[in-house]
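here's my sequence, what's the structure:
(chains A and B)
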Amino acid sequence: MNDNSTVVSQALVLEQDAGALQALKQFCSENSLVGLKANASNLLEVLGSNIHLGGVFMSDEPSHNGKSAFELAAEIHKLRTELPIFLRRSSATSLDDLPPAVQTLFAGAYQLTNMEKLKQMVDSYIFSVDFPNDLVRGIQELTLEVLRGAFRGLDASCDLPYVVKDKLIYGELFSLIPLQSNWCGGYMMLQTNEEEILTVIRARRTQLGPKEPNFRDVNSLLSELANMTWGAFKAKFLTDDSMDGMESRMHVPIIINHRQNFISFGANYPQLCFMYTLTDRQNELKPITLYQKLIFSLRWRPELFAENQQKIDDFVNRGELELF
Amino acid sequence: MAQILVVDDSDAVRNEVSSFLSGNGYTVATAVDGKDGLDKVKANPDLKLVFADVNMPNMDGLTMIEKIRGELGNSTVSIIMLTTESDPKMKERAKNYAVKGWIVKPFNGANVLGAVKGLLGG
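Predicted structure coming up:
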């Protein structure tokens, strides 16, 4: 049974063969994958409503609702270039016999008789970063504490965390804050929708005052949630150990394309993603969804993470006045 | 003239803290960053207490309190830090400028009201 530190990934499954589907279902279950079944006719709809995917499984069967497998793969690759596509082949064991332009569409090929090869590809392309259980669990716990403290009368819960290769932005606004330490360097994002937060503010479930709040109040609240989460993250996981001077000066441009709801941190690094749901105990408000994403694109030295945790006294008395 | 100044770049925090304090009978002013806070302390020499965040744009809270004590020569206003930080080195730096106390957010009015009354003599 998974505990709340088990990291999974969502994968699109485009398969028509019953035997292959069964094999993939078992594979997903054994390898922390959540399969989302789709076909050629509903592909765009499924892709549109699932923006936090880790990869795609498909076959080289001759026809997917009138389209060849390679046509379908080309469509997926064009729309979601970041997603590795794993191709099940009925006769060949690799991509070598395919034209170069087709080979570039896929992360690799496998056969049902060699699922170990698929596992190696999935580990390499999706689960390429091993997030320590203490880190994953700790992020969930501290963020839930922040959310529960910020909203009155709302219960906060979190699904299993997952790894995302997509670079799409959820919702209408997000807060972005750097995370820097000797063992990690990157960013944390909190993403949500404006109206959901406005509804909570209007219902006086936050510390914000205005009866007619506007988007600036939403910005302020999300900003403070990010600030509190960042502070708790720092207190729990980061020490004051000095980084190498060059490391601390390393930065790469962040690209945000609003038209495409796309954000890139300059690397093909997986994002660690948590989905939080806030539900009203009085059932007056619709559930609110917040996505938290962490991407350690600048530095990732998990071997130092464990050393760090031994130095940290993570007992912090929040909300109490410490008099000097 | 205000008795208490709340310095934080977050609207939400300024609103929460000032609402609580004014609801308990205190006159409260707010500032949006360290530079704004410094200007307001300078303009209001009768201020009794400052709640100050650390991480703020334009001028951070520790630099602000350093300048309150140094450039402004104000050694009488009481200062309590209200921040997400809990770094012991930051606390030591704050103590050097006679900061009275440190709160790691969230703000819990009930926990600080007694101290506020003591510092403001009422």
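
now do the strands in the chain.
All of this is about chain A. The residue ranges that make up the strands of chain A, judged by DSSP state E, are A:9-14, A:33-37, A:55-59, A:85-88, A:108-110, A:154-158, A:162-164, A:173-180, A:184-192, A:255-257, A:262-264, A:271-280, A:288-300, A:321-323.

correction: the question concerned chain B.
Taking DSSP E as the criterion, chain B carries its strands at B:4-7, B:28-31, B:49-52, B:78-83, B:101-104.

what are the pairing partners of the first one, and which direction each?
So that's strand B:4-7. Using DSSP bridges, strand B:4-7 pairs in its sheet with strand B:28-31 (parallel), strand B:49-52 (parallel).

hang on, the earlier thing: mean pLDDT, mean neighbour count and distance to residue A:113 added to the strands of chain B, as TSV?
All C-beta atoms are positioned from the backbone trio N, CA, C, and that covers glycine. Rendered in TSV, the data for the strands of chain B read as follows (pLDDT from 0 to 100; neighbours: other C-beta atoms under 10 Å in any protein chain shown; distance: least, C-beta to C-beta, whole Å):
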stretch	mean pLDDT	mean neighbour count	distance to residue A:113
strand B:4-7	97	26	67
strand B:28-31	97	21	69
strand B:49-52	97	26	66
strand B:78-83	96	24	59
strand B:101-104	93	22	57
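
closest residue of the stretch 1-150 of chain A to chain B?
Minimum separation of the stretch 1-150 of chain A from chain B (C-beta to the nearest C-beta) falls at residue A:149, amounting to 5.0 Å.

quick one: that residue from residue B:106, how far?
In this structure, residue A:149 lies at 5 Å from residue B:106, with C-beta to C-beta, to the nearest Å as the measure.

overlap in contacts of those two?
With contacts defined as C-beta atoms under 8 Å, 6 or more residues apart in numbering or on different chains, the residues shared by residue A:149 and residue B:106 are residue A:228.

which residue does chain B bring closest to chain A?
Closest contact between chain B and chain A, by C-beta to the nearest C-beta, is at residue B:84 (2.2 Å).

for that residue, give me phi and psi.
For residue B:84, the backbone dihedrals (degrees, to the nearest 10) come out as phi -80, psi -10.

count of neighbours near the nearest residue to it once chain neighbours are set aside?
Sequence neighbours aside, residue A:231 is the residue nearest to residue B:84 in space, at 2.2 Å (criterion: C-beta to C-beta, 6 or more residues apart in numbering or on different chains). Each residue near residue A:231 was counted by other C-beta atoms under 10 Å in any protein chain shown, and the total is 23.

my read is that residue A:231 contacts residue B:83, right?
Yes: Residue A:231 is within contact range of residue B:83, at 7.3 Å (criterion: C-beta atoms under 8 Å).

joint contacts of those two?
Listed as contacting both residue A:231 and residue B:83 by C-beta under 8 Å, 6+ apart are B:104, B:105.

if we can go back for a sec, got JSON lines for the strands of chain A, with distance to residue B:93 too?
Listed next are the strands of chain A as JSON lines, based on distance: least, C-beta to C-beta, whole Å:
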{"stretch": "strand A:9-14", "distance to residue B:93": "43"}
{"stretch": "strand A:33-37", "distance to residue B:93": "47"}
{"stretch": "strand A:55-59", "distance to residue B:93": "48"}
{"stretch": "strand A:85-88", "distance to residue B:93": "53"}
{"stretch": "strand A:108-110", "distance to residue B:93": "54"}
{"stretch": "strand A:154-158", "distance to residue B:93": "34"}
{"stretch": "strand A:162-164", "distance to residue B:93": "39"}
{"stretch": "strand A:173-180", "distance to residue B:93": "19"}
{"stretch": "strand A:184-192", "distance to residue B:93": "25"}
{"stretch": "strand A:255-257", "distance to residue B:93": "36"}
{"stretch": "strand A:262-264", "distance to residue B:93": "36"}
{"stretch": "strand A:271-280", "distance to residue B:93": "33"}
{"stretch": "strand A:288-300", "distance to residue B:93": "26"}
{"stretch": "strand A:321-323", "distance to residue B:93": "15"}
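
reformat the ones you listed as JSON lines; add distance to chain B and mean neighbour count.
Supplementary listing: the strands of chain A in JSON lines, determined by distance: least, C-beta to the nearest C-beta, whole Å; neighbours: other C-beta atoms under 10 Å in any protein chain shown:
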{"stretch": "strand A:9-14", "distance to chain B": "31", "mean neighbour count": "23"}
{"stretch": "strand A:33-37", "distance to chain B": "34", "mean neighbour count": "17"}
{"stretch": "strand A:55-59", "distance to chain B": "36", "mean neighbour count": "24"}
{"stretch": "strand A:85-88", "distance to chain B": "42", "mean neighbour count": "22"}
{"stretch": "strand A:108-110", "distance to chain B": "44", "mean neighbour count": "21"}
{"stretch": "strand A:154-158", "distance to chain B": "14", "mean neighbour count": "17"}
{"stretch": "strand A:162-164", "distance to chain B": "26", "mean neighbour count": "23"}
{"stretch": "strand A:173-180", "distance to chain B": "10", "mean neighbour count": "16"}
{"stretch": "strand A:184-192", "distance to chain B": "13", "mean neighbour count": "21"}
{"stretch": "strand A:255-257", "distance to chain B": "20", "mean neighbour count": "11"}
{"stretch": "strand A:262-264", "distance to chain B": "22", "mean neighbour count": "17"}
{"stretch": "strand A:271-280", "distance to chain B": "16", "mean neighbour count": "20"}
{"stretch": "strand A:288-300", "distance to chain B": "15", "mean neighbour count": "21"}
{"stretch": "strand A:321-323", "distance to chain B": "5", "mean neighbour count": "14"}
